[in-house]
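> Got a predicted structure plus its sequence, pasted below:
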Amino acid sequence: MATSDRAWPPVRLQVVDPQRFVVYGVFVVVFVFFAATLHDDGFLTQTNLLNIVRQTTPITIMAVGVVFVLSAGEIDLSLGAVVALSALVTADLLQDHSAVLAVGAGLAVGVAVGVANGLFVTALVLPSFLVTFASLAVVTGLARSVTDLRSVAVENRDFAAIFGSGDVGPVPGLAFWALGATAVGHFLLRYSRFGAHVLAIGDNAQAARATGIRVDRVRLLVFVLSATSAAVAGILYAGRLQGATYTLGEQDLLTVIAAVVIGGTRLFGGEGSVIGALVGSLLMGVLTNGLVLWGFSASEQLIAQGTLLLVAISLTLRGQRADG
Amino acid sequence: MTAVIRVAQLRKQFGAILALDDMTLDIDAGEVVALVGDNGAGKSTVVRCLAGLSVPTAGQIMLDGAAVRFAHPGDARRHGIEVVLQELALADRQPVYMNVFLGRELVRRPAHRLDRRGMAAATQRLLESLEVRIDSPHKIVRELSGGQRQAVAIARAVHWAKRVVLMDEPTASLGAVETRRVEELIARLRERGTAILVVSHSLDQVFRIADRICVLRRGRQIGVRTASETTAEEILAMITGLA
Amino acid sequence: MDIRAGVQAAGLLAVTAALAAVGVGCQSANDEPAASGTLRITASKPLGKTLGPNGEEPTPASALRLTNKEIARVRAGGYTAALVWHEQSDFTTALDEGVRDSFRKLGIRVVAETSANFDAAKQKSDVETIAAKHPSVLLTLPVDPVVTASAYKAVAAQGTKIVLLSSIPNGMEYGRDYVTMVTDDLFQMGKRAADALAAAIGDKGTIAYFFHDANHYVTNQRDQAFLRTITNSYPDIEVVAKAGIADPNRAQEVAGATLVRHPDLSGAYVMFAQPPGEGVLAALRANGNSSTKLVTLDLDEPLALDMAKGGHTSALIIDRPYELGHAMAIAAGYGLLSKPAPPFITGPAITVTRENLAQAYQESLHRSAPKSILDALGR
């Protein structure tokens, strides 16, 4: 019999979801391992640790977008191409125009692709796998033709300083980008109605619809979020590399999805963690960094990375299934 | 007095299939109307049209005498119509309180953030008032029993119900005691003046709770009877079409 | 009839018949697949030379040398090296071996190795990471001169001696930022391709020229060397089709279109073997073409197999990555000793035909040929 004075667990602020502790545990283990074994190889130096932040930021930003896409029960395969196209558009415009215009155009690329993806999925009721597979091809083609396969250098110092190459004291500017994206993403997913709707749609789209949620609208926004995050990553690449080329981002999709999945976001929707994705991204970065510093050959690095990822993903998925 | 909700000449066609043809029904405030019929009679179609989940091919839905059109389910909610579907429409991985407030989450300042504490507290009160045996509003729906899940869906409808509650087989997966509890709930809603439409396979239940009974067969409306003026045999004959 | 006139006539007839027989004999020799005859290639006079990306004059790799005293000085330094490659392939495996074997003799320890898989962002990260180990030298093939420049300049600024392969990142200065740039003798490769193709088609006929339609230092030099040689040294060969391939993965389509217009080509040159060379070969086969001779660059297994079986492929012009690696290692030594190295170093090229195919694997990649190829060669 329920009584009004029976105590029930009070709501606690759940920043770190205890059910998804796997990624944090694996991260700590890997980090401590490298810290101990690579002590004399420069792993724990400030430079190296900040390098890891620089190297992982574009992935982290894309991962935030992908958390929303996967949580809603969708997928976006076109990310890598959006990175390249927005980087090239921004770099190209920077040559003769202001940074504001160039960055605006780069972001517009992301928004446009996101809207296109979203409309094809919602209005034409097509699976996102197929739609984004097709848009991947289209955007790849656009990235190749926008500068005819030519790489574009970025000479605008101010742009580069803000968008990837600058530091604030000892802290790389990219750290602020990563933290900012994570904070915004985390708030949206956990603390906003939009986030609640995204998760509900990924969980049971029919239920969401029945309660009055505008499912198509939310889905569209999710694709816009994803493609825009890829555009931001592209712009940051352009600033960090001080140039853009059509191959940028080509191989990032799998890294991003791995980071997101290891971080506890469910591949089929309904559960997501932005903080987990950040830690997943950092884990991938620490892994790559540690293996290089260790002196492994390139082949050995790939084998080690693959094995460790397999372990991390298995642990995360087992944790998810154990919830019942 | 004008019926709270009325369907007039309601018709729903799915391609070549005529799921519902020319159905007319009133439900008054404080009245329970049971919708009965065999499989494929069109009962769920009626519920879905009234809930805004399906758009009728023809016919009208009127609330308090005014014709309404639901472009999407949210419209129906806004008009005070709540529904408990057969599939329950619950988000399994979310806690009970998020399900109760799904689509209508409470927010607070600053920044319109979700008021999880408020929603959980309100849900706790709701569960207690309905004597639903769920330990905590924070429990994840997936971890609940079938009966508990049904209770959440019903509690949600009750909480938000203003004028109309539609229930499609609300006690389908419940045991005898829980079924009794739900029927008591329906009685309480009735007392509150809510118009209630219940789809049920159980004639016993129908005669326990309904004021009027509407029979459908193969999409056609066979007739509406006042419960006190008819018998189970007559209703059964109308359902099967066998005299 | 006069007997003398009859004898003269008979003699003329005999000579004509003999000439005709020789002519037919020569023709049939050219129609037969290379398997039944050795490809005799005459080296034409070089009409140019390989120049560096900024016009630098070439120095052959063989000219790089360290005296025993210099080697001892390097050994005494206890230096470290990082290897930042662009990909993983047969080429980099042999390159890496050449580097490491020479480093062993120089007492230089390799502390890190990375492969960027053609991803410029990854290469930047790789350079950043290994820079933190402060290696004495860095050997690398930059994947893109524009986008990797910032990474390399940063590591050069901290004093690491950099030896470049095939590409100079924008803004890097010889001497200040890098020790030298090593690459293949690109002109030789293009020229050898021309000589080989000419020999394969009997110094006359029609050919297609499939070149790299992009602004790319390495391929542009080779392609243009081929074109210049075939046009100027072989007047009886006509280049009837010049088809630019921008995307190496679409070579089959480009070749297919060309073959539609010119179905009876004597020969074809393709900018490199994988994937465009394979694509052109596929297009030839798809067309039912059996006579067009193919010449391209790099030791690529499908094409080598085709050559071993006496198919379209007549010659493959290849470089010697092991020697390139060796040259880079020696150049690193120069850098450590602050001994000025030549600004631009070229490595040797080899023309590979069916005759020397098996040995080519050993010479170029320092490993034995794959079994499939040895079987096809009948060994």
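Perfect, I can see it now.

> Sort out which residues of stretch C:175-187 are buried, please.
C:177-187 (16 or more other CB atoms under 10 Å in any protein chain shown). In short, each C-beta sits where N, CA and C put it, glycine included.

> Can you redo the residues you listed as TSV, where the extra columns are distance to residue A:42 and secondary structure?
Formatted as TSV, the buried residues of stretch C:175-187 follow (distance: CB to CB, whole Å; DSSP: H, G, I helix; E, B strand; the rest coil):
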residue	distance to residue A:42	secondary structure
C:177	23	coil
C:178	23	strand
C:179	24	coil
C:180	28	strand
C:181	28	strand
C:182	28	strand
C:183	32	strand
C:184	35	strand
C:185	39	coil
C:186	38	helix
C:187	43	helix
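
> Tell me the one of these nearest chain A?
Checking those against chain A with CB to the nearest CB, the nearest one is residue C:177 at 15.4 Å.

> Could I get the full set of helices for chain A?
Secondary structure of chain A (DSSP state H): helices at A:22-37, A:46-71, A:79-94, A:99-122, A:128-146, A:157-160, A:173-191, A:193-210, A:215-241, A:252-262, A:274-294, A:298-322.

> Pick the most deeply packed of those helices.
helix A:79-94 (a mean of 29; mean count of other CB atoms under 10 Å in any protein chain shown).

> relative orientation of it and helix A:128-146 in degrees?
Angle, helix A:79-94 to helix A:128-146, by axes from the mean of the first three to the mean of the last three CA atoms, to 10 degrees: 30 degrees.

> elements contacting helix A:79-94?
Where contact means 3 or more CB pairs under 8 Å, 6 or more residues apart in numbering or on different chains; DSSP states H and E, helix A:79-94 is packed against helix A:46-71, helix A:99-122, helix A:128-146, strand A:152-153, helix A:215-241, strand A:243-244, helix A:252-262.

> The helices of chain A into a markdown table, with extra columns for mean pLDDT?
Compiled in a markdown table, these are given as follows (pLDDT from 0 to 100):
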| stretch | mean pLDDT |
| --- | --- |
| helix A:22-37 | 93 |
| helix A:46-71 | 97 |
| helix A:79-94 | 97 |
| helix A:99-122 | 98 |
| helix A:128-146 | 96 |
| helix A:157-160 | 94 |
| helix A:173-191 | 97 |
| helix A:193-210 | 96 |
| helix A:215-241 | 97 |
| helix A:252-262 | 94 |
| helix A:274-294 | 95 |
| helix A:298-322 | 85 |
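
> looking at those, which is closest to residue B:154?
Residue B:154 lies closest, by CB to CB, to one member of the helices of chain A: helix A:193-210, at 14.2 Å.

> now the closest one, how far from the centre of its chain.
21 Å (CA atoms, centre = their mean, to the nearest Å).

> That one close to chain B?
Yes - judged by CB under 8 Å from any CB of the partner chain, helix A:193-210 comes into contact with chain B at A:193, A:196-197, A:199-200, A:203-204, A:206-210.

> What is the most widely separated pair among the residues you listed?
For these, the farthest-apart pair by CB to CB is A:193 and A:206; their separation is 19.1 Å.

> and the residue of the stretch 51-200 of chain C at minimum distance from chain B, what is it in contact with?
Chain B sits closest to residue C:121 of the stretch 51-200 of chain C, with a gap of 34.5 Å, by CB to the nearest CB. With contact taken as CB atoms under 8 Å, 6 or more residues apart in numbering or on different chains, residue C:121 is in contact with A:58, A:237, A:240-241, A:248-249.

> Make sure it is indeed in a helix.
Yes - assessed with DSSP: H, G, I helix; E, B strand; the rest coil, residue C:121 lies in a helix.

> if I look at it, how far off is residue A:125?
Note on residue C:121: its distance to residue A:125, by CB to CB, to the nearest Å, is 36 Å.

> that older thread, so how far is residue A:294 from the residue of the stretch 51-200 of chain C closest to chain B?
Counting by CB to CB - residue C:121 and residue A:294 are separated by 22 Å.

> Residue A:51 too?
Distance of residue A:51 to residue A:294, computed by CB to CB: 16 Å.

> Also residue C:97?
21 Å.

> Residue A:185 too?
Plainly put, residue A:185 is 32 Å away from residue A:294 if you go by CB to CB.

> With residue C:158 instead?
Between residue C:158 and residue A:294 the computed distance is 21 Å (CB to CB).

> same question, residue C:50
38 Å.

> List the contacts of residue C:106.
C:66, C:71, C:74-75, C:79, C:329, C:332-333.

> what sits against the most centrally placed residue in chain C?
Note on chain C: the residue nearest the mean C-alpha position is residue C:318, at 4.1 Å, using CA atoms, centre = their mean. By CB under 8 Å, 6+ apart, the contact set of residue C:318 is C:297-299, C:349-350, C:352, C:360, C:364.

> Among those, which lie within strands?
C:297, C:349-350, C:352 (DSSP state E).

> ok, and the most crowded of these?
Highest neighbour count within the ones in strands among the contacts of residue C:318, by other CB atoms under 10 Å in any protein chain shown: residue C:297, with 30 neighbours.

> thought residue A:31 was touching residue A:287?
No - at 9.7 Å, residue A:31 does not count as touching residue A:287 under the criterion of CB atoms under 8 Å.

> for the contacts of residue C:121, which one is nearest residue C:209?
Distances from residue C:209 to those, taken by CB to CB, are shortest for residue A:248, at 31.6 Å.

> And for the closest one, the neighbour number?
For residue A:248, using other CB under 10 Å, the count is 31.

> for residue B:111, same thing?
Using other CB under 10 Å: residue B:111 sits among 9 other residues.

> what's near enough to touch it?
Taking CB under 8 Å, 6+ apart as the criterion, residue B:111 is in contact with A:187, A:191.

> So it versus residue C:90, what's the distance?
58 Å.

> ok, now residue C:266?
Taking CB to CB, one finds residue C:266 at 30 Å from residue C:90.

> Touching, residue C:219 and residue C:276? I think so.
No - judged on CB under 8 Å, residue C:219 makes no contact with residue C:276 at a distance of 9.9 Å.

> And those two? Which one has more around it.
Set residue C:219 next to residue C:276 and count neighbours by other CB under 10 Å: residue C:276 wins out with 26 against 21.

> ok, now which ones touch the spatially closest residue to that one that is not a sequence neighbour?
The shortest distance from residue C:276 to any residue other than its chain neighbours is 3.6 Å, reached at residue C:251 (CB to CB, 6 or more residues apart in numbering or on different chains). Residues near residue C:251 by CB under 8 Å, 6+ apart: C:210, C:245, C:270, C:275-280, C:283.
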